[in-house]
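> sequence isn't available, so here's the structure alone:
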């Protein structure tokens, strides 16, 4: 038995107890309430297997982390070779070769407009860095963001969160204001105040799956430059091909962001990695002298495994044409979902771009009925979309997400290596799931349907 096998075997003996006692008992209770008792033991591509060797289609992908799929052989081999190489890690007094190479290759993908890369360990850290650099460059403090925006959970990133429920428990955060998503008039009025260091926006919102309108980012670029505000495009979920282009902002040819933040998929699904891509003049506003060379830094930035993971992700993305694949399969999924939408009134809208897809639900009498069912709402707030997610998991072995209660969106972010047959699997599950839940004509029937999810 190898050391890893020994450690894993020991961990599984008290898996639930250890997690509930020492990690997050509330989350464990949430899973129990939702009837989720699976433990996944293996993953490959877009698939997961549980302890009973049942196979599942993973349309969560670690919150869009596993763009190249799980256990990609090229990634595994490169990381193994790096570990066995003896190459020194985090020397600190060095110019790491792999950091420089990854920074250059990322800069090239912006057309050279964003020449500097500041590496970090997560999307939240990358956002924090962008806010610090924007404040330094502009001499302003406030951040402008959109309703239902999500940019991370650390204090600075949380100040730009569009969900008051997530913000409120933590007291006063950094100065910020919120505007409506996709509203250029609101953006212009806000920027005219000249009080914002930065305006941060997602090309496709992670919480709602709403996409920016054509031309929005081009005009936002012009307005931000005109009023001295830094435009930060948050590509943490949309970057590395998910929308059908490497960067989501590339769908708008006139977009000229001053900074771009990346994470999630850039990690290759193995090593935490974030990066803030910055225009040279803005970078120099902070790192303008030897004495300021380390004014923003992190112990673990630019680590050997993270840099290898980032570089291999780019190579795999290109070799397997994952942006084009996401565009093609995304269009197929969206067009089929719109056909399904016409059959079921509870589907309000089909959203997204590429392989970030959302079904926005329209709550009706059905929501009130589901809200009264203990399995849905006993230990957590009743969530209309959660009933559908349970149906996907129990009956169809498809993992997907229900976003926050205020948005009622079922979200799919499968790996970009999704195969045609797996696409069929997903679409069949959607059709059958909506048929199952919508056919219950009465409150009693609805309750019966939900209580029996997964019995078959």
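Thanks, I have it. Just so you know, these numbers come straight off a predicted model, no measurement behind them. Residues are numbered from 1 along each chain as shown.
> residues in contact with the most centrally placed residue in the chain?
Taking Cα atoms, centre = their mean as the criterion, residue 237 is the residue nearest the geometric centre of the chain, at 3.5 Å. Taking Cβ atoms under 8 Å, 6 or more residues apart in numbering as the contact definition, residue 237 lies against 63-64, 202, 204, 206, 264, 356, 413. Glycine gets a C-beta too; all of them are placed from N, C-alpha and C.
> which one of those is nearest residue 86?
Distance from residue 86 was checked for each of these by Cβ to Cβ. The minimum falls on residue 264, at 29.7 Å.
> can you tell me the SS state at residue 91?
Judged by DSSP: H, G, I helix; E, B strand; the rest coil, the three-state class of residue 91 is coil.
> state the phi and psi torsions of it.
phi -70, psi -30 (degrees, to the nearest 10).
> that one and residue 302, how far apart?
As defined by Cβ to Cβ, to the nearest Å, residue 91 lies at a distance of 10 Å from residue 302.
> for these two, indicate the residue with more neighbours.
residue 302 (25 against 8; other Cβ atoms under 10 Å).
> my guess is that one contacts residue 97, does it?
No - counting by Cβ atoms under 8 Å, residue 302 does not reach residue 97; the two are 10.3 Å apart.
> quick one: the strands in the stretch 151-300 of the chain?
Along the stretch 151-300 of the chain, counting by DSSP state E, counting those that start in this stretch, strands occupy 176-179, 196-201, 230-234, 259-262, 274-278.
> what residues sit buried inside the fourth one?
Along strand 259-262, these residues count as buried under the neighbour rule (16 or more other Cβ atoms under 10 Å): 259-262.
> closest to residue 133 among these?
Taking Cβ to Cβ as the measure, residue 133 lies nearest residue 259 of the buried residues of strand 259-262, at 7.0 Å.
> now do the contacts for the closest one.
Residue 259 makes contacts with 114, 130, 133-134, 198, 230-233, 276-279, 282, as judged by Cβ under 8 Å, 6+ apart.
> got those residues as CSV, with pLDDT, distance to residue 186 and neighbour count columns?
Putting the contacts of residue 259 into CSV (pLDDT from 0 to 100; distance: Cβ to Cβ, whole Å; neighbours: other Cβ atoms under 10 Å) gives the following:
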residue, pLDDT, distance to residue 186, neighbour count
114, 97, 26, 24
130, 98, 22, 30
133, 97, 25, 27
134, 97, 20, 27
198, 98, 16, 28
230, 98, 18, 26
231, 98, 15, 25
232, 98, 17, 31
233, 98, 18, 30
276, 98, 26, 27
277, 98, 27, 29
278, 98, 26, 30
279, 97, 25, 21
282, 95, 25, 20
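> dump these to TSV, plus distance to residue 340.
Conversion of the contacts of residue 259 to TSV gives the following (distance: Cβ to Cβ, whole Å):
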residue	distance to residue 340
114	40
130	39
133	44
134	42
198	39
230	41
231	36
232	36
233	32
276	39
277	38
278	43
279	43
282	45
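> helix/strand/coil for residue 82?
Per three-state DSSP, the secondary structure class of residue 82 is helix.
> got a pLDDT number for it?
In this model, residue 82 is scored at 97, pLDDT.
> run a quick neighbour tally on it.
Counted with other Cβ under 10 Å, the burial measure for residue 82 works out to 19 neighbours.
> same thing with residue 112?
In terms of burial, residue 112 registers 10 neighbours under the definition other Cβ under 10 Å.
> for it, grab phi and psi.
The phi/psi pair for residue 112 (degrees, to the nearest 10) reads phi 80, psi 0.
> wait, is residue 41 part of a strand?
Yes - according to three-state DSSP, residue 41 belongs to a strand.
> didn't it look like it was pressed against residue 54?
No - with contact defined as Cβ under 8 Å, residue 41 does not reach residue 54; the gap is 10.6 Å.
> sorry, back to before: what is the nearest of the contacts of residue 259 to residue 325?
Checking these one by one against residue 325 (Cβ to Cβ), the nearest turns out to be residue 233, at 22.6 Å.
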